[in-house]
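Trainee: Structure for the following, please:
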Amino acid sequence: MTESEFLDLSDAVFAQVEMALDDVDFDVDTLRAGNVLEIEFEDGSKVIVNRHAANQEIWLAARSGGYHYRLIEGQWINTRGDGELFADVATAISAHAGEAFSF
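Mentor: Residues are numbered from 1 along each chain as shown. Predicted coordinates:
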């Protein structure tokens, strides 16, 4: 995939996360700055989603650790083990918010 295609796809990921968080009842703030989407919770903790264009990966940082995802057959799959980006982001958000979250 070209860099432009990757940027478009990762922008869509950021937008999907932001839209899902707009619909929740718990206190959460999002800030998108360039290649980074910060999700900040009431207690000050954060989940960070960012894109790494050179590797064409999306990275996730949360209390549980750091993860890398690559687009494989239409899904963002963890490059270092099991997991899919949206499922893992939902799990991280739930852990930080202390409330259930899903896409």
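Trainee: contacting residues around stretch 23-30?
Mentor: For stretch 23-30, contacts defined as CB atoms under 8 Å, 6 or more residues apart in numbering pick out 17-18, 21, 37-42, 93, 97-99, 101. Quick note: C-beta positions are derived from backbone N, CA and C, even for glycine.
Trainee: The closest residue to Glu42 other than its chain neighbours: neighbouring residues, count only.
Mentor: Nearest non-adjacent residue to Glu42, counting by CB to CB, 6 or more residues apart in numbering: Asp27, 4.2 Å away. Per other CB atoms under 10 Å, the neighbour tally for Asp27 reads 10.
Trainee: Give me the pLDDT value at Asp27.
Mentor: Predicted confidence (pLDDT) for Asp27: 88.
Trainee: can you check His96 too?
Mentor: Reported pLDDT for His96: 93.
Trainee: Counting neighbours, what do you get for it?
Mentor: 22.
Trainee: which ones are touching it?
Mentor: 39, 41, 43, 45-47, 62-63.
Trainee: Spell out the secondary structure type for Gln58.
Mentor: No Gln there; residue 58 is Ile. The three-state label given to Ile58 by DSSP: H, G, I helix; E, B strand; the rest coil is strand.
Trainee: element containing the closest residue to it other than its chain neighbours?
Mentor: Closest residue to Ile58 apart from its sequence neighbours, by CB to CB, 6+ apart: Tyr69 at 4.8 Å. Using DSSP states H and E, Tyr69 falls within strand 65-72.
Trainee: Which residues are in contact with the residue nearest to Ile58?
Mentor: With CB under 8 Å, 6+ apart, Tyr69 has these contacts: 57-60, 76-79, 83-85, 88.
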